[in-house]
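Peer 1: how would this look folded up:
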Amino acid sequence: MNEPQLPQYLAVLMLFALAVAATGGMIVFSILLGQRGRRSKIKDTAYECGMLPVGSGSPRLSVKFYLVAMLFILFDIEVVFMYPWAVIYKTMLADPATRNLILGSMVSFLGILFVGYIYALKKGAFDWKS
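Peer 2: A predicted model of the protein is given here:
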């Protein structure tokens, strides 16, 4: 019952060695066989759909972007938290010690969620036209 584990992982180790050898070989061969010479400035510029790049590469994003991201996180976390709660809710109701605890945790979570919803509503995050 006390068998060595190395033979079980031998295939994984061989695959890892092959991956390292393949990537290393590609890098070495591209350096050895690649064209060497002077590159022009136009050759080294970023290519974006046939247009020359204008402006900085990192423009400032609107506050609306961050509000949408906050809403996504807010409602995504809600689903992640409510699904397991709903699955175990019926079994937790049978125990009187945890009955109030599980209901209170969900009510407090929904209260915090509601505050975030009201904040996003006041900031105009649901006004998609602007």
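
Peer 1: Let me see the mean pLDDT of the helix or strand harbouring residue 12.
Peer 2: Residue 12 is part of helix 6-33, with elements assigned from DSSP states H and E. Confidence over helix 6-33 (mean pLDDT, whole number) is 92.

Peer 1: Name the residues of the helix or strand of the chain with the lowest mean pLDDT that are buried.
Peer 2: Least confident element among the helices and strands of the chain, by mean pLDDT, DSSP states H and E: helix 63-93 (a mean of 82). For helix 63-93, the buried set under the neighbour-count rule, 16 or more other CB atoms under 10 Å, comprises 67, 78. Where C-beta positions appear, they are placed from N, C-alpha and C, glycine not excepted.

Peer 1: which helices and strands does it pack with?
Peer 2: Packed against helix 63-93 by the contact rule (3 or more CB pairs under 8 Å, 6 or more residues apart in numbering; DSSP states H and E) you find helix 96-122.

Peer 1: So which bits of the helix it packs on are buried?
Peer 2: With burial defined by 16+ other CB under 10 Å, the residues of helix 96-122 counted as buried are 102, 113, 116-117, 120.

Peer 1: Specify which member of those residues is nearest to residue 34.
Peer 2: Sorting the buried residues of helix 96-122 by how near they are to residue 34, with CB to CB, puts residue 120 at the top with 51.6 Å.

Peer 1: Pull the contacting residues for that closest one.
Peer 2: 67, 70-71, 74, 126 (CB atoms under 8 Å, 6 or more residues apart in numbering).

Peer 1: now residue 80
Peer 2: For residue 80, no residue counts as a contact, taking CB under 8 Å, 6+ apart as the criterion.

Peer 1: circling back to that earlier point, show me how far the helix holding residue 12 is from its chain's centre.
Peer 2: Between the mean C-alpha location of helix 6-33 and the chain-wide mean there is a distance of 28 Å, by CA atoms, centre = their mean, to the nearest Å.
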